[in-house]
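Visitor: Structure of the sequence below:
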Amino acid sequence: RRPSPWPQPSLPEPWLPVHDLQLEWQQVPTTVEAGRGVELVLEARLDGASRAQLDNLPLPAAGPGYRLYPQATEVEESFPAERPQLLLRRRMVLVAEQPGTLQLPAVALAWWQVPDGQRRRSVQPAIQLQVVAASAPAPASATPALPTATPAASTAAVAPAPAPALQAWWWLLAAAALLS
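Guide: Below is the predicted model of the structure:
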């Protein structure tokens with residue numbers, strides 16, 4: 001006879017019990033340049049959570065027309081009063097691939113509100129950005145001419161090579177240190 005399976009506790013999903021959770025974008029430009037990176041910052045403030053419960057924030061889902069380069073999540077944990085407080089900051093670089101309108105998908109984080117005993121979901125809505133064409137480099141005529149160096153000035157700035165006697169001195173010092 002087989003033993004019955006171990007009963008699974010009926011915990012609510014997700015099991016991130018906190019008193020409050022605030023999720024928001026900190027830096028959102030309205031216009032970006034194609035091919036150039038722009039930094040976006042997603043922050044979450046949790047009342048009643050520690051780093052052991054949550055140490056990373058979700059990224060927007062991958063989509064066409066852009067690339068995301070996430071950095072490690074910054075974590076600040078404090079215990080000011082009765083409950084732990086947690087601040088998570090996720091920086092990422094967004095590179096738009098072509099001019100036009102770009103929509104970065106919404107970011108959501110599900111959690112369990114302890115005082116009410118209710119499942120909650122914090123959502124930052126999709127971000128819509130205008131992507132402009134990359135600006136052209138300045139024309140050659142607009143670039144100031146570099147001053148030309150005279151041969152005497154350029155040789156004075158070059159440091160002389162170390163003398164062979166100085167190099168030998170270092171080898172002798174190293175050998176003496178090994179022998180003592």
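
Visitor: Run through the bridge partners of residue 120.
Guide: Beta-bridge partners recorded for residue 120 (DSSP bridges): residue 111.

Visitor: That one contacts residue 108, doesn't it?
Guide: No. Look at residue 120 against residue 108 with C-beta atoms under 8 Å: they stay out of range, at 10.5 Å. Heads up, the C-betas are built off the backbone N, CA and C, glycines and all.

Visitor: Among these two, which residue is more densely surrounded?
Guide: residue 120 (15 against 12; other C-beta atoms under 10 Å).

Visitor: give the contact list for the more buried one.
Guide: Residue 120 makes contacts with 21, 110-113, as judged by C-beta atoms under 8 Å, 6 or more residues apart in numbering.

Visitor: and these as JSON lines, adding distance to residue 41 and neighbour count?
Guide: Converted to JSON lines, the contacts of residue 120 look like this (distance: C-beta to C-beta, whole Å; neighbours: other C-beta atoms under 10 Å):
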{"residue": "21", "distance to residue 41": "17", "neighbour count": "22"}
{"residue": "110", "distance to residue 41": "21", "neighbour count": "16"}
{"residue": "111", "distance to residue 41": "20", "neighbour count": "23"}
{"residue": "112", "distance to residue 41": "26", "neighbour count": "18"}
{"residue": "113", "distance to residue 41": "25", "neighbour count": "16"}
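
Visitor: farthest-separated two in those residues?
Guide: 110 and 113 (10.9 Å; C-beta to C-beta).

Visitor: Overlap of the contact sets of the two?
Guide: With C-beta under 8 Å, 6+ apart as the test, residue 110 and residue 113 both reach 119-120.

Visitor: okay, how far is it across stretch 62-81, tip to tip?
Guide: Across its full length, stretch 62-81 reaches 39 Å between end residues, using C-alpha to C-alpha, to the nearest Å.

Visitor: Now do the buried residues in that stretch.
Guide: 65-66 (16 or more other C-beta atoms under 10 Å).

Visitor: for the protein, what helix or strand is lowest in average pLDDT?
Guide: helix 151-157 (a mean of 38; mean pLDDT, DSSP states H and E).

Visitor: hey, where'd the helices end up in this structure?
Guide: 151-157, 164-179 (DSSP state H).
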